[in-house]
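K.L.:
this is the structure alone, sequence omitted:
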């Protein structure tokens, strides 16, 4: 490349044509104004012109600039395509598999149903289930048990005793299974009583009569206080009063015993 041609090329690169024109035409116009030489420099000038076109096109930095138009036949055409379009995904439908034996298609099984009501019915034994699902439990029955309370009153060497019996028992019947009258006192529901004063004298008690626990089924709760005949000790000392009463329970007759210390001066 001659110095003159080199100088022309440098000016061309330093002062490119304005973007509004067609860059390729402006470059070729300036190149044609240079003195042509019938040497190998002509070929070099053509190559330099192509490079200049690429440089001039690279200076189009404006966002609205367009790619250079060369007008050269057979040049590749720039195609601008949009972003790839994704097809919406459709949830897969439930798949049913035909029965290999019968050839029929089973029904699709639906998911669990929220808020389903429990089945209705009556529960026997511990409680009863009403139609709304509420379980009613009968109240617990009081246990079979009898308590005895002894209240002494000492006057010198003479003692009187009040006895209180209370609790829940099975009502006795006659030997034939006949129920006792409803107004029978709680003490008279017993099978009898026995007591001693602790000095070996004047034991006492009561007979329950011709009653039995064999047919006892009904529970009865009651309370009764009654006095025992007074007793006089012959000398001072400490004595033990002993009392026993018998009632009917689930396993037949049972006894309740109570004792108390008596100090005689």
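P.N.:
Yes, it's here. These figures come from a predicted structure and were not determined experimentally.
K.L.:
report how many residues lie close to the closest residue to residue 143 other than its chain neighbours.
P.N.:
With sequence-adjacent residues excluded and distances taken as CB to CB, 6 or more residues apart in numbering, residue 143 is closest to residue 168, at 6.7 Å. All C-beta atoms are positioned from the backbone trio N, CA, C, and that covers glycine. Applying other CB atoms under 10 Å, we find 16 residues neighbouring residue 168.
K.L.:
same check on residue 208?
P.N.:
20.
K.L.:
next one: it from residue 167, what distance?
P.N.:
16 Å (CB to CB, to the nearest Å).
K.L.:
likewise residue 203?
P.N.:
Taking CB to CB, one finds residue 203 at 24 Å from residue 167.
K.L.:
which of the two has more residues huddled nearby?
P.N.:
Comparing residue 203 with residue 167 by other CB under 10 Å, the one with more neighbours is residue 167, at 19 against 10.
K.L.:
just give the nearest non-adjacent residue to the more buried one, would you?
P.N.:
The nearest residue in space to residue 167 (CB to CB, 6+ apart) is residue 146, at 3.8 Å.
K.L.:
test my guess that the one you found contacts residue 256.
P.N.:
Yes - when contacts are counted by CB atoms under 8 Å, residue 146 is listed as touching residue 256 (4.4 Å).
K.L.:
shared neighbours, the two?
P.N.:
Residues touching both residue 146 and residue 256 (CB atoms under 8 Å, 6 or more residues apart in numbering): 165, 167, 245, 247.
K.L.:
tell me the SS of the second one?
P.N.:
In other words, residue 167. Of the three states, residue 167 takes strand under DSSP: H, G, I helix; E, B strand; the rest coil.
K.L.:
what sits against it?
P.N.:
Contacts of residue 167 by CB under 8 Å, 6+ apart are 144-147, 221-223, 247, 256.
K.L.:
just residue 230 next, same as before
P.N.:
Counting by CB under 8 Å, 6+ apart, residue 230 touches 158-160.
K.L.:
on that earlier part again, got CSV for the contacts of residue 167, with pLDDT and neighbour count too?
P.N.:
Listed next are the contacts of residue 167 as CSV, based on pLDDT from 0 to 100; neighbours: other CB atoms under 10 Å:
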residue, pLDDT, neighbour count
144, 95, 16
145, 96, 13
146, 97, 19
147, 97, 11
221, 96, 11
222, 96, 16
223, 97, 12
247, 97, 27
256, 98, 17
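K.L.:
which of these fall in strands?
P.N.:
Counted as lying in strands by DSSP state E, out of the contacts of residue 167, are 145-147, 221-223, 247, 256.
K.L.:
identify the spatial nearest neighbour of residue 246, chain neighbours not counted.
P.N.:
Counting by CB to CB, 6+ apart, residue 246 lies nearest to residue 191, which is 3.9 Å off, once chain neighbours are set aside.
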